[in-house]
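[1] Compute the structure for the input listed below.
(2 chains)
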There are 2 protein chains.
Amino acid sequence: MNHQLLDCEHALQGAISDAIGPQCPPKLAEALQYAVFPGGARVRPRLCLAVSLANGGDDLRLTLAAACAIELLHCASLVHDDLPCFDDATLRRGKPTVHAAFGERLAVLSGDALIVAAFECLARATETSANPRRVGAVSRLVANGVGAPAGICAGQAWECEQQVDVSLYHRAKTGALFVASTTAGAAAAGMDPSQWQALGSAIGEAYQVADDIHDATAQSESLGKQTGIDVALNRPSAVRELGLSGAVARLEDCISKGIDSIPPCEGRSALIKIVQKQSERFFPEGIRCPAA
Amino acid sequence: MNHQLLDCEHALQGAISDAIGPQCPPKLAEALQYAVFPGGARVRPRLCLAVSLANGGDDLRLTLAAACAIELLHCASLVHDDLPCFDDATLRRGKPTVHAAFGERLAVLSGDALIVAAFECLARATETSANPRRVGAVSRLVANGVGAPAGICAGQAWECEQQVDVSLYHRAKTGALFVASTTAGAAAAGMDPSQWQALGSAIGEAYQVADDIHDATAQSESLGKQTGIDVALNRPSAVRELGLSGAVARLEDCISKGIDSIPPCEGRSALIKIVQKQSERFFPEGIRCPAA
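    I've put the predicted structure just below:
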């Protein structure tokens, strides 16, 4: 598989350019650019693109719109998650968070505008895609990953409850957007999305466990964001539950289960390699990845 | 025109039911319901529905999805606008604001989830409408009304700038969603949306002037929300600029201009009556409406 095809930077730049047109208030324009570039690993859009390509990927424009929307929504969730009323984080991707750099009001607004930009991206695809009805399915899958009842917003909202179902909490806060990535990738290629839920769900769980491991072991400098927040906020964590080696074993298990779940498709072996390669970054330095 | 056709309560209830499904955290579910019901005058969705019906309204399902999305986005903007970092308002539609009743975190999250629910509503329409490509155009028009560079988010963001273009500010903060209402209504009926911008823009301006008049003259109890905020926050206001009678004259002028701008269409005279009727509520008690 051509790895350049997994790159959505150009589509992201297009979406942000549309959002920061000449009439945009200058500080909002700056905050939107700042929230999206330079990006992190872009794990979710890469996964979406990889699944679509493994399924023949006959509508690259729609797939790119889906990948781009998913990353914009991820960036929006980080901006709002870092707000003073949530994590009150000051460091993200090695630089001040949006609210630390631009103030709370612009952080709320840029998060909102990124959510809108994500769906605008998909709306444009409806107008130009050869398969407009597919775009509806893709948009709904993407929306499921971020809204209520079981997307990121719902996941965050579990933090406001006295009684928390930890599994529902993680599935909504972290898993749902990975499930959106795999299912929207499949739907963009005209395939049945339900067969791709298990892969998204397993990678989402792996990502959550990896995040817990990093939060417990890494230094802020190496990670580019604050650590120890889970413990400070008394959040459930795989490391607290299983110990470090138990958490690493769980992480390995999630990745294997994800790979095993990949349904038959023309690019299955190439997709497995991509998932293995992407998963390497889930392991803290000094702990070998099972695929290495 | 059958006025029941201008009612989108059922569609709104459907959208909120979808969002507060069994997996939803209970407080988020409660906050979402609280933010949308009981509603205000539902001016924007009524306008959207009225324009579509005046144009033949051959796709009622899509029109209802558009109207519903617009109202959900309006509710989301109110929830975020009332946050402590913006207006810090404690009263809205005669009851405590969402952040006052549920806390700041659930106010941020319910606003986010309402934005997502709005576009999910349109995504569903893409899957079921006979005109899936129209849904793309409608979704993009709706997105323009709320995002950056010139929708509600941009309007709010002008409040964070030192130098403000007051006309751009009002057009983005208030006018854009009215323009979305008229243009999306036309596009949902398969008509050219550009001919309907002037009506949305004029009603948006009228609404802004009416809001300034109410803010300057009414009591909190009669309005159901706090008054005097514009003055307290040193915001531009038609009453401060033109005096009370000057502002009322401007309001009358906006409504006339809006009505004059309505392009030829089969339901033009019925639409004019609806616009006149809806505009009556823009005038404070004791000041006669030109259409009365």
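[2] taking the mean pLDDT, what do you get for the strand or helix carrying A:Val209?
    Using DSSP states H and E, A:Val209 sits in helix A:197-217. Across helix A:197-217, pLDDT averages out at 92.
[3] How about stretch A:83-99?
    Summarised as a single mean, pLDDT over stretch A:83-99 is 95.
[4] and it, does that touch chain B?
    Yes. Using Cβ under 8 Å from any Cβ of the partner chain, stretch A:83-99 reaches chain B at A:83, A:85-86. To be clear about C-beta, it is placed using only N, CA and C from the backbone, and glycine gets the same treatment.
[5] of those residues, closest to B:Leu271?
    Nearest to B:Leu271 among the residues of stretch A:83-99 next to chain B: A:Leu83, at 42.7 Å, using Cβ to Cβ.
[6] list the contacts for the closest one?
    Residues in contact with A:Leu83 (Cβ atoms under 8 Å, 6 or more residues apart in numbering or on different chains) are A:99, A:104, A:107-108, B:108.
[7] change it to 10 Å
    Residues near A:Leu83 by Cβ atoms under 10 Å, 6 or more residues apart in numbering or on different chains: A:89, A:97-99, A:104, A:107-108, A:111, B:83, B:85, B:104-105, B:108.
[8] Now render these as CSV, adding distance to B:Lys173.
    Putting the contacts of A:Leu83 into CSV (distance: Cβ to Cβ, whole Å) gives the following:
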residue, distance to B:Lys173
A:Ala89, 29
A:Thr97, 26
A:Val98, 21
A:His99, 21
A:Glu104, 18
A:Ala107, 18
A:Val108, 15
A:Gly111, 18
B:Leu83, 15
B:Cys85, 16
B:Glu104, 22
B:Arg105, 25
B:Val108, 19
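[9] Count the neighbours of A:Thr183 for me.
    By other Cβ atoms under 10 Å in any protein chain shown, the residues close to A:Thr183 number 30.
[10] and what of the one 4 residues further on?
    Burial measure for A:Ala187: 30 neighbouring residues, criterion other Cβ under 10 Å.
[11] In terms of helices and strands, where is it?
    Counting by DSSP H and E, A:Ala187 is found in helix A:176-188.
[12] For that helix, name the packing helices and strands.
    Counting contacts by 3 or more Cβ pairs under 10 Å, 6 or more residues apart in numbering or on different chains; DSSP states H and E, helix A:176-188 packs against helix A:43-54, helix A:60-81, helix A:132-146, helix A:152-158, helix A:197-217, helix A:238-261.
[13] The fourth one close to chain B?
    Yes. If you take Cβ under 10 Å from any Cβ of the partner chain as the test, helix A:152-158 does meet chain B, through A:152-158.
[14] Ok, the third one next?
    Yes. Counting by Cβ under 10 Å from any Cβ, chain B is contacted by helix A:132-146 at A:132-146.
[15] what does the model give A:Gln163 for pLDDT?
    We have a pLDDT of 88 for A:Gln163.
[16] rewinding a little: and the angle for the helix holding A:Ala187 with helix A:60-81?
    Comparing the axes of helix A:176-188 and helix A:60-81 via axes from the mean of the first three to the mean of the last three Cα atoms, to 10 degrees yields an angle of 170 degrees.
[17] A:Leu271 - nearest residue in space that isn't next to it in sequence?
    A:Ala54 (4.0 Å; Cβ to Cβ, 6 or more residues apart in numbering or on different chains).
[18] just to revisit the earlier point, next, the angle helix A:43-54 makes with the helix holding A:Val209.
    Interaxial angle of helix A:197-217 relative to helix A:43-54 (the same axes, to 10 degrees): 150 degrees.
[19] Give me the distance from helix A:197-217 to the chain's centre.
    Chain-centre distance of helix A:197-217: 11 Å, with Cα atoms, centre = their mean, to the nearest Å.
[20] Summarise which helices and strands that helix is packed against.
    Contact analysis of helix A:197-217 by 3+ Cβ pairs under 10 Å, 6+ apart lists helix A:43-54, helix A:132-146, helix A:166-170, helix A:176-188, helix A:220-223, helix A:229-232, helix A:238-261, helix A:268-280 as its packing neighbours.
[21] any idea how far chain B is from the residue most central in space within chain A?
    Central residue of chain A (Cα atoms, centre = their mean): A:Arg44, 4.4 Å from the mean position. Separation of A:Arg44 from chain B (Cβ to the nearest Cβ, to the nearest Å): 16 Å.
[22] That residue contacts A:Gly200, doesn't it?
    Yes. A:Arg44 lies in contact with A:Gly200 (Cβ atoms under 10 Å); the separation is 9.3 Å.
[23] Mutual contacts of these two, please.
    Both A:Arg44 and A:Gly200 are contacted by A:145, A:177-178, A:180-182, A:184-185, under the criterion Cβ under 10 Å, 6+ apart.
[24] out of these, which one sits closest to chain B?
    Proximity of these to chain B (Cβ to the nearest Cβ) peaks at A:Gly145, which lies at 9.2 Å.
[25] ok, now which ones touch that closest one?
    A:44, A:69-70, A:73-74, A:77, A:151-152, A:172, A:175-181, A:183-184, A:200, A:204, B:116.
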